[in-house]
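> only geometry, no sequence info:
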């Protein structure tokens with residue numbers, strides 16, 4: 001099996017630059033029956049072509065055992081909650097309509113600056129303006145409790161510094177704190193430093209020399225000390241009550257006041273962005289069990305005080321401070337996911353949602369101003385009783401996702417602080433008709449019979465990340481069918497046609513007494529359940545429709561069955577509606593490919609034919625470019641997905657574009 005190429009498990013359906021195809025119309029509500037609209041019931045069959053997990057009762061993984069996912073049952077019968085199907089169909093209708101994104105995880109994007117910032121300390125000028133006083137040189141003093149100190153200086157040593165007085169060759173050297181003395185009274189003195197032994201950035205790694213160690217270098221100047229802050233994210237300094245690591249822990253910065261440069265004023269907008277970034281760091285720490293105790297310490301950075309030592313960057317004008325932090329590899333707030341989403345959807349800053357045709361149909365909470373109730377309901381889907389359904393217990397592969405900030409994966413055209421960068425679009429998982437074939441790591445380790453199985457189920461340290469699951473075993477040869485009803489009220493033509501298109505795709509036809517997409521059953525496939533590429537592929541067939549009408553004479557409601565064989569010919573306008581409104585759109589061509597069962601494997605080149613939809617597992621051991629593994633290791637390899645590509649490459653899901661990506665692997669250290 002070729003391992004030169006892989007296919008990313010998900011892709012993005014782009015958004016129309018012009019906005020939604022069908023913007024909000026005159027508002028139709030649930031309050032009364034509107035003339036010229038459709039109210040009734042649509043009965044559907046949902047048939048799975050691949051194994052599926054409909055999560056019911058679940059148990060989280062622990063350090064002692066993996067998690068567990070049971071199938072969802074309704075009165076002892078396999079079922080799919082109607083709310084799950086409703087949410088899926090509404091999202092698909094929004095995608096077809098290219099509606100504004102309304103469901104996303106809005107968060108601040110933090111990134112570690114590594115491009116050698118300038119050094120300085122905070123001052124408050126006579127005019128009351130906050131500024132940074134740049135310094136040309138600094139010497140660090142390590143904390144007594146710093147871990148692995150003997151690895152940091154050539155020759156190795158252990159620190160013997162006292163908080164206020166430092167010695168070298170037996171001669172006392174008192175260095176005052178910047179905030180405790182008048183700078184004019186400080187007398188020149190000489191200190192000795194040693195360079196750090198590791199690379200890069202040696203200019204940030206000068207440490208106060210220690211007695212009888214190596215060849216120290218002298219520096220003359222009027223020296224003062226500033227309290228150090230080692231590690232802006234709190235992960236490698238400031239140990240908490242549980243005694244977390246003191247790696248990288250520094251105690252003081254020594255600065256020569258005779259080598260200070262310019263000062264740079266900080267405007268109010270910059271200070272506000274800095275404070276918001278500090279709050280975001282603290283929130284991120286609170287979510288981390290290991291470092292939650294450090295969140296309060298990080299929040300102390302929010303208040304600017306004279307004498308606070310900082311690292312900073314200037315903009316292109318070489319005068320304006322554009323970012324600032326307290327560790328030389330500091331974290332900076334680039335922006336938010338929400339800002340990029342709103343810009344992609346043409347929304348003003350601070351706007352959280354935008355009305356659209358689908359939103360009018362979906363409704364929203366009555367507590368919201370101008371609240372509107374839904375006009376689309378999906379009832380519980382129940383498994384057909386016609387056939388026995390096999391349930392298998394499987395160890396699930398760890399199906400991780402790229403976090404939003406990972407190599408700009410969700411963006412094209414730059415980082416989150418780049419003016420022209422844009423959200424790629426809506427995220428969709430590919431279908432994988434090769435789910436029944438082993439993955440490369442399953443083959444290497446001899447564990448698991450198909451693509452979604454964990455090749456390392458006995459690895460205890462990963463038990464919190466993977467689960468056992470009860471899997472509904474469906475295949476194309478032995479499909480599993482569920483039945484459910486849609487109830488709708490006052491659907492306009494656009495709403496009804498969007499719903500039918502979401503259900504059965506384009507150019508629907510009658511087959512075996514039901515309505516489904518033109519061509520093979522696998523032309524318009526859905527992802528339902530615990531859906532990933534290997535799981536939950538299905539198609540939908542409309543089997544019955546009923547309209548609710550009122551007798552004009554008695555005003556009593558009556559149910560009118562609709563002949564499906566007559567429905568589509570009579571509604572020939574559906575095809576015309578799709579052709580005139582949808583077929584010309586680029587995002588529809590992308591969506592059609594994603595919905596096809598084999599869409600990910602289309603248009604592969606000859607040397608890419610064996611490419612597979614793949615997930616990384618997290619292991620970093622790679623032994624050779626031929627992917628051979630020594631027998632004594634039995635460790636799987638890893639795709640270093642986009643880590644060596646900036647910006648990351650990602651094919652467009654359009655017909656004619658290969659989805660194969662070249663595998664990037666890390667050669668052995670010996671090479």
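Yep, that arrived. In this text the structure is predicted, and so the values were computed from the model without any measurement.

> Over to residue 386: give its phi and psi.
phi -70, psi -30 (degrees, to the nearest 10).

> per-residue confidence for residue 522?
Looking at residue 522, its pLDDT reads 85.

> Can you tell me the closest non-neighbouring residue to it?
Nearest non-adjacent residue to residue 522, counting by Cβ to Cβ, 6 or more residues apart in numbering: residue 597, 3.5 Å away. (C-beta placed from N, C-alpha, C; glycine too.)

> Could you verify my assumption that the one you found touches residue 435?
No - using Cβ atoms under 8 Å, residue 597 is not in contact with residue 435; the gap is 10.8 Å.

> what's around the spatially closest residue to residue 10 that is not a sequence neighbour, how many residues?
Spatial nearest neighbour of residue 10, chain neighbours left out: residue 429 (4.7 Å); criterion: Cβ to Cβ, 6+ apart. Each residue near residue 429 was counted by other Cβ atoms under 10 Å, and the total is 21.

> Mind pulling up the pLDDT for residue 429?
At residue 429, the pLDDT value in this model is 94.

> ditto for the one 3 residues further on
Reading off the confidence values, residue 432 has pLDDT 95.

> To what extent is the nearest residue to it once chain neighbours are set aside buried, counted in neighbours?
Nearest residue to residue 432 in three dimensions, chain neighbours excluded: residue 533, at 4.0 Å (Cβ to Cβ, 6+ apart). Neighbours of residue 533 under the rule other Cβ under 10 Å: 27.

> again, but for the one 3 residues further on
The burial metric for residue 536, expressed as a neighbour count using other Cβ under 10 Å, is 24.

> State whether it and residue 527 are indeed in contact, as I suppose.
Yes - under the criterion of Cβ under 8 Å, residue 536 makes contact with residue 527 at 5.1 Å.

> Show residues contacting stretch 600-611.
Residues outside stretch 600-611 that contact it (Cβ atoms under 8 Å, 6 or more residues apart in numbering) are 1-2, 4-7, 430-434, 533, 593, 596, 613, 655-660.

> Separate out the buried members of those residues.
Burial by neighbour count, judged by 16 or more other Cβ atoms under 10 Å, picks out 5-7, 430-434, 533, 593, 596, 613, 659-660 from these.

> now those in JSON lines, with distance to residue 345 and secondary structure?
Compiled in JSON lines, the buried ones among the contacts of stretch 600-611 are given as follows (distance: Cβ to Cβ, whole Å; DSSP: H, G, I helix; E, B strand; the rest coil):
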{"residue": "5", "distance to residue 345": "34", "secondary structure": "strand"}
{"residue": "6", "distance to residue 345": "31", "secondary structure": "strand"}
{"residue": "7", "distance to residue 345": "28", "secondary structure": "strand"}
{"residue": "430", "distance to residue 345": "25", "secondary structure": "coil"}
{"residue": "431", "distance to residue 345": "27", "secondary structure": "coil"}
{"residue": "432", "distance to residue 345": "30", "secondary structure": "coil"}
{"residue": "433", "distance to residue 345": "34", "secondary structure": "coil"}
{"residue": "434", "distance to residue 345": "35", "secondary structure": "coil"}
{"residue": "533", "distance to residue 345": "27", "secondary structure": "coil"}
{"residue": "593", "distance to residue 345": "23", "secondary structure": "helix"}
{"residue": "596", "distance to residue 345": "27", "secondary structure": "coil"}
{"residue": "613", "distance to residue 345": "29", "secondary structure": "strand"}
{"residue": "659", "distance to residue 345": "26", "secondary structure": "coil"}
{"residue": "660", "distance to residue 345": "31", "secondary structure": "strand"}
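
> want to throw those into a markdown table with distance to residue 261?
Shown next, in a markdown table, are those (distance: Cβ to Cβ, whole Å):
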| residue | distance to residue 261 |
| --- | --- |
| 5 | 52 |
| 6 | 50 |
| 7 | 52 |
| 430 | 54 |
| 431 | 60 |
| 432 | 58 |
| 433 | 64 |
| 434 | 61 |
| 533 | 55 |
| 593 | 57 |
| 596 | 62 |
| 613 | 54 |
| 659 | 52 |
| 660 | 52 |
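
> which secondary structure elements does the lengthiest helix in the chain contact?
Using DSSP state H to define each element, the chain has its longest helix at helix 268-286. If you count contacts as 3 or more Cβ pairs under 8 Å, 6 or more residues apart in numbering; DSSP states H and E, helix 268-286 packs onto strand 108-112, helix 295-299, strand 321-325, strand 331-336.

> for these, which one sits closest to residue 392?
If you check each of those against residue 392 by Cβ to Cβ, strand 108-112 wins as the nearest, at 40.3 Å.

> Flag every buried residue along whichever helix or strand comes after the closest one.
Following strand 108-112 in sequence order, the next helix or strand is strand 118-124 (DSSP states H and E). Judged by neighbour count using 16+ other Cβ under 10 Å, the buried positions of strand 118-124 are 118-123.

> do the same with stretch 185-196
Quick answer for stretch 185-196 (16+ other Cβ under 10 Å): 186, 191-196.

> re the thing from before, which of the buried ones among the contacts of stretch 600-611 lies at the shortest distance from residue 14?
Nearest to residue 14, judged by Cβ to Cβ, of the buried ones among the contacts of stretch 600-611 is residue 593 at 12.4 Å.
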